[in-house]
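Peer 1: Let's see this in three dimensions:
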Amino acid sequence: MTTITIELPNERLQKLQEMAARLGVSMEELVRISVEDMLTQPDEQFQKIASYVLKKNFELYKRLAA
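Peer 2: Okay, here's the model as predicted:
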């Protein structure tokens, strides 16, 4: 595992500390979970394109499934 260092303004650090305390986790754990969540989310543009293709080909998919 790799360690990274980031700079945060004091007010952001305070919010991070408060949120971590409220959730009962360390700041490091909260940041790690947040980054992992962000990296596992599907790309928004991909979602839009996939939705468009599914809507556009809905009738074709229905006929193929029959």
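
Peer 1: Can you give me the neighbour number for residue 25?
Peer 2: For residue 25, the neighbour count with other CB atoms under 10 Å is 14. To be clear about C-beta, it is placed using only N, CA and C from the backbone, and glycine gets the same treatment.

Peer 1: now the closest residue to it other than its chain neighbours, what's its secondary structure?
Peer 2: Closest residue in space to residue 25, ignoring its immediate chain neighbours: residue 33 at 7.6 Å, by CB to CB, 6 or more residues apart in numbering. For residue 33, the assignment made with DSSP: H, G, I helix; E, B strand; the rest coil gives helix.

Peer 1: shaky segments in this protein?
Peer 2: For the chain, no stretch has pLDDT under 70.

Peer 1: Helices of that one, start to end?
Peer 2: Using DSSP state H, the helices found in the chain span residues 10-23, 27-40, 44-56, 58-65.

Peer 1: Just send the ones you listed back as a markdown table, with mean neighbour count too.
Peer 2: Shown next, in a markdown table, are the helices of the chain (neighbours: other CB atoms under 10 Å):
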| stretch | mean neighbour count |
| --- | --- |
| helix 10-23 | 12 |
| helix 27-40 | 12 |
| helix 44-56 | 10 |
| helix 58-65 | 8 |
